[in-house]
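Asks: Here's my sequence, what's the structure:
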Amino acid sequence: MTFRRLATSLLIAALGLAGVTHWRASAREAAAEAAFPPTGQFVTVDGLQLHYEVAGTGPDLVMIHGASGSLRDLTFSLRDQLTDRYRVIVVDRPGLGHSDPLPETSLLSQARHIKAGLAQLGVAEPVVLGQSYGGAVALAWALDGGPRALVLVGSPSMPWPGTLDIWYRATSTRLGRAVAVPLASAFVPAAYVRQATASVFAPDPVPEGYDDWLGAALTLRRETLATNTAQVNALRAELVTMEPRYPTLTLPIELVHGTADTIVPIDIHSRPLLRLLPNASLTTLVGAGHMPHHSHSDHVIQAIDRANENS
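Replies: The predicted model follows:
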């Protein structure tokens, strides 16, 4: 076979794969959106929609979910344990769930967008809970002004040594995203998603019914995958710029972190962060993993109540 014929054959194969990938990803996206439609309402900020749910009465409590997720993680069980004494507002972070993506993915731009959207609901000085990546958004919000207290659950806050896992390294460039994101959207099997969820919860079990409730298929949409990878890949550099400002945060801050969290290790994040914050306390959950708002929700709720009472 000549080089020209080989090149032609490879091009035809590549175009065929691209076509199949696009068709399959589009079909899976349509199925995901049909299975998991918006459950709340929308506000519009600068022409972009922010999806949220509100439930309960009392002081305002805003809850922000982590990476590769949506507000459904927080409405699975935690939200409904709080509505007897808080007006709980949960949001889909920009670009995830049913919220539109922003032109830029920074923590500060997300925080300001959420703040502006919720101001339309009369939310002015809430207690803000952030889980995992959502805690970094909550910290950016606090550094920008607004919350009267924070609750950070298994949240990244400090620059970490080493690199992210292979998925994020592969999608750290425009070319990598252009290749990897459509393929993942089209072909990642449901079994792999369930295994990934189990690894995030480990060593705690995944609660019964959580996989069916979460709507992980929404995260596998191409635009959502691209947004999520861009946000996570930018995180460490943003924390480098935020770290020197943490001692200026004088609001009450409750940290809740499991000692067995391998996604966001407590010794790299919450323990060193505690030493920088004037008015913070740390609840250390021995043997708990990355999702204590499910496995140890009583401790998280106690932290929320303390943050509210001390603010």
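
Asks: dump the residue contacts of residue 114.
Replies: The contact partners of residue 114, by CB atoms under 8 Å, 6 or more residues apart in numbering, come to 50, 62, 64, 91, 93, 94, 137, 141. (C-beta placed from N, C-alpha, C; glycine too.)

Asks: now swap in residue 109 and tell me
Replies: With contact set as CB under 8 Å, 6+ apart, residue 109 has these partners: 94, 102.

Asks: Wait, a helix at it?
Replies: Yes. Secondary structure assignment places residue 109 in a helix (DSSP: H, G, I helix; E, B strand; the rest coil).

Asks: Now do it against residue 95, distance only.
Replies: Look at residue 109 and residue 95: by CB to CB, to the nearest Å, they are 11 Å apart.

Asks: Identify the contacts common to those two.
Replies: With contacts taken as CB under 8 Å, 6+ apart, residue 109 and residue 95 have residue 102 as neighbours in common.

Asks: From the contacts of residue 114, pick the one nearest residue 219.
Replies: Nearest to residue 219, judged by CB to CB, of the contacts of residue 114 is residue 93 at 11.5 Å.

Asks: Can you report how many residues neighbour the closest one?
Replies: Burial of residue 93 is recorded as 30 neighbouring residues (other CB atoms under 10 Å).

Asks: quick revisit: by neighbour count, which of the contacts of residue 114 wins?
Replies: residue 93 (30 neighbours).

Asks: Identify, from the contacts of residue 114, the entry nearest to residue 177.
Replies: residue 94 (17.5 Å).

Asks: Ramachandran angles for that closest one?
Replies: Main-chain dihedrals, residue 94, degrees, to the nearest 10: phi -50, psi 130.

Asks: my read: it touches residue 102, true?
Replies: Yes. Residue 94 lies in contact with residue 102 (CB atoms under 8 Å); the separation is 4.6 Å.

Asks: now the contacts of residue 114 in a markdown table, with distance to residue 181, secondary structure and pLDDT?
Replies: Below are these laid out as a markdown table (distance: CB to CB, whole Å; DSSP: H, G, I helix; E, B strand; the rest coil; pLDDT from 0 to 100):
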| residue | distance to residue 181 | secondary structure | pLDDT |
| --- | --- | --- | --- |
| 50 | 23 | strand | 98 |
| 62 | 30 | strand | 98 |
| 64 | 24 | strand | 98 |
| 91 | 24 | strand | 98 |
| 93 | 18 | coil | 98 |
| 94 | 18 | coil | 98 |
| 137 | 22 | helix | 98 |
| 141 | 28 | helix | 98 |
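
Asks: and which of these is nearest residue 187?
Replies: Ranked by distance to residue 187 (CB to CB), those are led by residue 93 at 25.6 Å.

Asks: who's in contact with the closest one?
Replies: Residue 93 makes contacts with 64, 65, 99, 110, 114, 134, 137, as judged by CB under 8 Å, 6+ apart.

Asks: Please repeat the previous calculation with a cut-off of 10 Å.
Replies: By CB atoms under 10 Å, 6 or more residues apart in numbering, the contact set of residue 93 is 50-51, 64-67, 69-71, 99, 101-102, 105, 110-111, 113-114, 130, 133-134, 137, 227-228, 231.

Asks: just residue 281 next, same as before
Replies: Residues near residue 281 by CB under 10 Å, 6+ apart: 252, 253, 254, 255, 256, 274, 303, 306, 307, 310.

Asks: List buried residues within the residues you listed.
Replies: Applying 16 or more other CB atoms under 10 Å to the contacts of residue 281, the neighbour count classes 252, 253, 254, 255, 256, 274, 303, 306, 307 as buried.
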